[in-house]
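[1] for reference, the sequence and a predicted model appear below.
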Amino acid sequence: MAKSKVFIPQLHPEHYAFPSPLGATKEGLLAWGGDLEPSRLLEAYRQGIFPWFNEHDPILWWSPDPRAILHLDAMNVSKSLVKSMKHFEIKYDTCFETVMRLCQETRLKNGKPSWITEPLVEAFCALHVKGFAHSVECYKEGVLVGGLYGLYLGGVFCGESMFSTCTDASKTALFGLCQKLKAIGGDFIDCQLPTEHLKSLGAIEIKREVFLKMLEKSLTCKERQAW
């Protein structure tokens, strides 16, 4: 039996409306096209949608099912990690663009395509200036050795990518993120796509419908401190 074709809608170049995330394909693909303007990105993330595509490909928008999240008290912290973290210093928003580019370079050095394209770097740097995008940096003896970045909306941190140049640096950055979010009344971390590495750190899989309800609740809660 021939497989039926799946229609993937193209986004309007001037309007920022998205189709319902519940209409995504089995793989999570929801739409294509549009642009990476900060306003469109904010609209997407507020609906549980994120861009993920390789350079020279059309912009693809995703809302996967299941979704990976990390509760702030659920990170797996081993005794060896506790010992290792004593050698690092955690900072926040000290070099956002550098963290993004190191995340990009790490994937390219490992021979993997990177979705962190130049337009995406520009868009997230603009969101950083506006106070939506943030980074966590991990330093060892004054040298940046690990970090991560993402968007903070409501009480949800939408994690995008992380990098590490020495053992446990990215894990330490993630621990620092959890501590920061707990201090300001955050709810959880959106890890987007489930991976074995994320699961080893404590991330769990939840149904997309559950995630969207959690996201909506977090976005509408007003009792939060600013980042």
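    That came through, no problem.
[2] mind jotting down where the helices sit in this protein?
    38-46, 79-85, 96-109, 118-129, 169-183, 196-200, 208-220 (DSSP state H).
[3] between these, which one is nearest to residue 52?
    Across the helices of the chain, residue 52 has its closest neighbour in helix 118-129 (10.0 Å, Cβ to Cβ). Yep, even glycine has a C-beta here, placed from its N, CA and C like the rest.
[4] mind giving me the packing neighbours of the closest one?
    helix 38-46, helix 96-109, strand 133-140, strand 143-153 (3 or more Cβ pairs under 8 Å, 6 or more residues apart in numbering; DSSP states H and E).
[5] would you mark the buried spots in the first one?
    In other words, helix 38-46. Judged by neighbour count using 16 or more other Cβ atoms under 10 Å, the buried positions of helix 38-46 are 38, 40-46.
[6] quick one: which of those is nearest to residue 179?
    Distances from residue 179 to those, taken by Cβ to Cβ, are shortest for residue 45, at 22.6 Å.
[7] which one of the buried residues of helix 38-46 is nearest to residue 191?
    So of the buried residues of helix 38-46, ranked by how close each gets to residue 191 (Cβ to Cβ), first place is residue 45, at 13.5 Å.
[8] that closest one: what's it in contact with?
    Applying Cβ atoms under 8 Å, 6 or more residues apart in numbering, we find residue 45 in contact with 151, 153, 158.
[9] from residue 78, how far out is the first one?
    By that I understand residue 151. Applying Cβ to Cβ, to the nearest Å, the value for residue 151 to residue 78 is 29 Å.
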